[in-house]
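Participant: sequence below, structure please.
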Amino acid sequence: MEHSKDLNVEAMMLDSRASDLDEEERPENDSGNGHLKNISFMCADVTSPDSMIEAESVDLIFSNWLLMYLSDNEVFKEYCQAYDAGNSFELSLITFKCIRAYICWLWQKVKSTDDRRFQRFLDNVQYKSSAILRYERVFGEGFVSTGGIETTKEFVAKLELKTGQKILDVGCGIGGGDFYMAKNYDVDVVGIDLSINMISFALERAIGCKCSVEFEVADCAKKIYPDNTFDVIYSRDAILHIQDEPMLFRSFFKWLKPGGKLLITDYCKRSGTPSEEFAEYIKQRGYDLHDVEAYGQFLEVLQRELDAVEKDRDAFIKEFFQRKTMMTLLVVGKQS
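Facilitator: The predicted structure is shown next:
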């Protein structure tokens, strides 16, 4: 793609009536915003070497139409000076999501590292577009893992979903389970996945869908939601990709509303040392797999802790409620 050499507004806006629009909107913009002294307006070509914008001079770049006019190389050139202080930089995709009629991208300028190696592996190897279509052919429309719609119906029924509840699907894939929940239970579903390819498929399938689904490229280990946001957190066959699972579960606990539910399915391995071939496969995929006994032990520990709290529930609530009240009184007294 060759960048336009014409700097007139018709060429830049791809509109033969651009001059008329410019004459109408610029005075309106100036009238509405001219009193703001912390805003400067200029007409300029961002790709021009004569640009008056200094390197590393801004904290945030916002554009409504940028990708329609600039090539990938031009975008990178403007945001990442390739030899900045001897470091190599790249644009790291933080998130992209569909907002009404728009698709919104958020990138961050970062030093080039191997932090995105796993995401690249997902999109270039395990979940490249052809692989996604192959998985879907095997597991059914909208699904890329075992069980498809039948196990989805079985597990979702256990959640006893109610109209208007908000659901977070971690590792949503191409959205089959999310569309099912939104259409059949009238709930609001947010699906996140680290794979750009997966979310691209999901967004495409969401076009024309008359149900409340929202998809976003995001790393669940880094994503932040306000406390008490979701009624249900749902994750199918995705937690094996996470190395620091305790950290993730702490996040889940904060994001869930009081009384909220967490449903997870995951792959496991048999007891003992795996074969060399399977061990290599696990290593290549970066999976964190446990055997059935380990999961059973995990559940037993959780049940013992829950039983201990339930057994002494009234005393527990009384002690910690009183402690919290006393701390509040002390803080208020100190302030006054």
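
Participant: you'd agree residue 217 is up against residue 194?
Facilitator: Yes: counting by CB atoms under 8 Å, residue 217 touches residue 194, with 7.1 Å between them. To be clear about C-beta, it is placed using only N, CA and C from the backbone, and glycine gets the same treatment.

Participant: do you know how far the nearest residue to residue 171 once chain neighbours are set aside is from residue 259?
Facilitator: Excluding its sequence neighbours, the residue lying closest to residue 171 (CB to CB, 6 or more residues apart in numbering) is residue 238, at 2.5 Å. From residue 238 across to residue 259, the span is 24 Å (CB to CB, to the nearest Å).

Participant: the two: which has the busier surroundings?
Facilitator: Neighbours per residue (other CB atoms under 10 Å) separate residue 238 from residue 259, with residue 238 holding more: 21 against 6.

Participant: distance of that one from residue 131?
Facilitator: The gap separating residue 238 from residue 131 is 16 Å, by CB to CB.

Participant: mind listing what's buried in stretch 208-217?
Facilitator: Neighbour counts over stretch 208-217 (16 or more other CB atoms under 10 Å) mark 211, 212, 213, 214, 215, 216, 217 as buried.

Participant: equivalent analysis for stretch 223-230, please.
Facilitator: Quick answer for stretch 223-230 (16+ other CB under 10 Å): 223, 225, 230.

Participant: just the residues you listed: which has the poorest pLDDT?
Facilitator: Within the buried residues of stretch 223-230, pLDDT reaches its minimum at residue 223, with 88.

Participant: please report phi then psi for the residue lying closest to that residue once chain neighbours are set aside.
Facilitator: Leaving aside its chain neighbours, residue 223 sits nearest to residue 192 (6.5 Å; criterion: CB to CB, 6+ apart). Residue 192 adopts backbone torsions of phi -120, psi 150, taken as degrees, to the nearest 10.

Participant: wait, residue 192 touches residue 170, no?
Facilitator: Yes: the criterion here is CB under 8 Å, and residue 192 meets it with residue 170 at 6.1 Å.

Participant: which residues do those two both contact?
Facilitator: residue 220 (CB atoms under 8 Å, 6 or more residues apart in numbering).

Participant: neighbours of residue 169, just the number please.
Facilitator: Using other CB under 10 Å, residue 169 has 26 other residues around it.

Participant: just say helix, strand or coil for it.
Facilitator: Assigned state for residue 169: strand (three-state reduction, DSSP: H, G, I helix; E, B strand; the rest coil).

Participant: pLDDT score for residue 266?
Facilitator: pLDDT, residue 266: 77.

Participant: quick one: residues contacting it.
Facilitator: So residue 266 contacts 237, 238, 239, 240 (CB under 8 Å, 6+ apart).

Participant: quick check, nearest of those to residue 300?
Facilitator: Using CB to CB, residue 239 is the member of the contacts of residue 266 that lies nearest residue 300, at 18.9 Å.

Participant: relative to residue 95, how far out is the closest one?
Facilitator: Distance from residue 239 to residue 95, by CB to CB: 21 Å.

Participant: okay, these two: which has more neighbours?
Facilitator: residue 239 (19 against 16).

Participant: doesn't residue 247 make contact with that one?
Facilitator: No: here residue 239 does not reach residue 247: they are 12.0 Å apart, not a contact under CB under 8 Å.

Participant: and residue 32, what element?
Facilitator: Per DSSP states H and E, residue 32 falls inside helix 18-33.

Participant: could I get the full set of helices for the stretch 51-200 of the chain?
Facilitator: Along the stretch 51-200 of the chain, the segments classed as helices by DSSP state H, counting those that start in this stretch run 66-69, 72-79, 117-121, 129-139, 148-159, 176-185, 196-206.

Participant: please identify which of those helices is closest to residue 275.
Facilitator: Residue 275 lies closest to helix 117-121 among these, at 22.3 Å (CB to CB).

Participant: tell me the secondary structure for residue 227?
Facilitator: Per three-state DSSP, residue 227 ends up coil.

Participant: ok, it - contacts?
Facilitator: 254, 255.

Participant: what about 10 Å?
Facilitator: Counting by CB atoms under 10 Å, 6 or more residues apart in numbering, residue 227 makes contact with 253, 254, 255, 256, 257.

Participant: among these, which one lies nearest to residue 265?
Facilitator: The nearest member of the contacts of residue 227 to residue 265, counting by CB to CB, is residue 256 at 17.6 Å.

Participant: would you mind measuring from the closest one to residue 188?
Facilitator: From residue 256 to residue 188 the distance is 15 Å (CB to CB).

Participant: over to residue 252?
Facilitator: 18 Å.

Participant: quick check: chain neighbours aside, which residue is closest to residue 149?
Facilitator: Per CB to CB, 6+ apart, closest to residue 149 is residue 140, 5.5 Å.
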